[in-house]
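Asks: Just the structure for this:
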Amino acid sequence: MSPDNPDPERHVDDPDRPAPPRASAATPPANEPPGATPPANEPSAATPPGGFDPGHVPASTAYQSSLELTFDEPRRPLRTVVTVLGFALAFAVLGAPLGLLWAVLAPDTPVLKTAEGAIYAEPQPEQPIAADGWFSLLGLAFGVLAALVLWFVLRRRRGPVGLLAAVLGALAAAPVAWQVGRRVGLATFDRLLDTAPAGQAFTKPADLRAGGVDWLLGVLPVPHGNLLLPAFGAAITYTLLAGWSRWPSLRPEPDPAALSWASAGTPAPTAAPEPPAPGAAEPPRG
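Replies: Okay, here's the model as predicted:
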């Protein structure tokens, strides 16, 4: 450039020769291939000024929205009622095998036929107490297992809904187990009671003396005694699981640390680089 030549690209010897075109941001340099991408620090022509694209939704935002929809689904009262009644009915059906197990474990009581009926063959038999004890232990175990099942199956409905389903299911299973268990061998006992001669000894099947069912107004069954132990075990277990839960809502929630990294659009920190080998050359210091 000189005072006589204001254009730095125009030749001094030949002023009439046209100057070469200047490179622009949209035209790639001559030494770059046609499909080369612009450097990362230069804005692309398709990106609006400021680097914000209104039509593009970041992956972290979509991930967070999907988590919110997954863990904060609206509650439907009809579906909640159907869920509670369905699990209560399922546990009531499971009361039948529980009663069969109780009939196998509980011992039969020896009795003696007299003219007035059947009496205990021993003055103070221990078999009726053992029958009550076995039913209490099995009922408590059944309630604990019912609470555990509902805690892990109804993950999205943990709280009052799960507790209500566990308690109602245990309450329904206890009378079913009692009636199924006490009827095992009951027909044989009634037949011997009617036909056996006086003085004949036989056994009476297991039955409960510390529990039963009362009828409220003649239509509503109300269990009492050790028939309430399955519901007690279910309520205590479910309450303890809720108290020890690490989530305030009792339902699984996303990890706050992972969500913060995803929302910020920053990759998670990687592990520290491995130390160099003993024989490797050290990098220049300066």
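
Asks: Low-confidence stretches in the stretch 151-286 of the chain?
Replies: The stretch 151-286 of the chain contains residues with pLDDT under 70 at 247-286.

Asks: just the helices in it please.
Replies: 160-182, 186-195, 229-243, 256-264 (DSSP state H, counting those that start in this stretch).

Asks: for the ones you listed, which one sits closest to residue 92?
Replies: Residue 92 sits nearest to helix 160-182 of all these, at 3.7 Å, using Cβ to Cβ. Every C-beta, even on glycine, is put in place using the N, C-alpha and C of the backbone.

Asks: Of all the residues in the closest one, which ones are buried?
Replies: 161-178, 180-182 (16 or more other Cβ atoms under 10 Å).

Asks: To residue 102, which of the helices of the stretch 151-286 of the chain lies closest?
Replies: helix 160-182 (4.2 Å).

Asks: From residue 137, how far off is residue 226?
Replies: Taking Cβ to Cβ, to the nearest Å as the measure, residue 226 and residue 137 are separated by 10 Å.

Asks: what do you get for residue 143?
Replies: Distance, residue 143 to residue 137, by Cβ to Cβ: 11 Å.

Asks: ok, now residue 179?
Replies: 19 Å.

Asks: Over to residue 127?
Replies: 16 Å.

Asks: Over to residue 108?
Replies: For residue 108, the distance to residue 137 equals 18 Å [Cβ to Cβ].

Asks: can you give me the strands for the protein?
Replies: 109-113, 118-120, 201-204, 211-216, 220-225 (DSSP state E).

Asks: most packed of those?
Replies: Highest mean neighbour count of the strands of the chain: strand 109-113, a mean of 18 (counted as mean count of other Cβ atoms under 10 Å).

Asks: Let me know the angle separating that strand from helix 186-195.
Replies: 20 degrees (axes from the mean of the first three to the mean of the last three Cα atoms, to 10 degrees).

Asks: list the helices and strands strand 109-113 packs on?
Replies: strand 118-120, helix 127-153, strand 201-204 (3 or more Cβ pairs under 8 Å, 6 or more residues apart in numbering; DSSP states H and E).

Asks: Just give the strands next to it in its sheet, each with its orientation.
Replies: Here strand 109-113 is paired, per DSSP bridges, with strand 118-120 (antiparallel), strand 201-204 (antiparallel).

Asks: Generate a markdown table for these, with distance to residue 147 as supplementary columns.
Replies: A markdown table is the format used below for those (distance: least, Cβ to Cβ, whole Å):
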| stretch | distance to residue 147 |
| --- | --- |
| strand 118-120 | 38 |
| strand 201-204 | 34 |
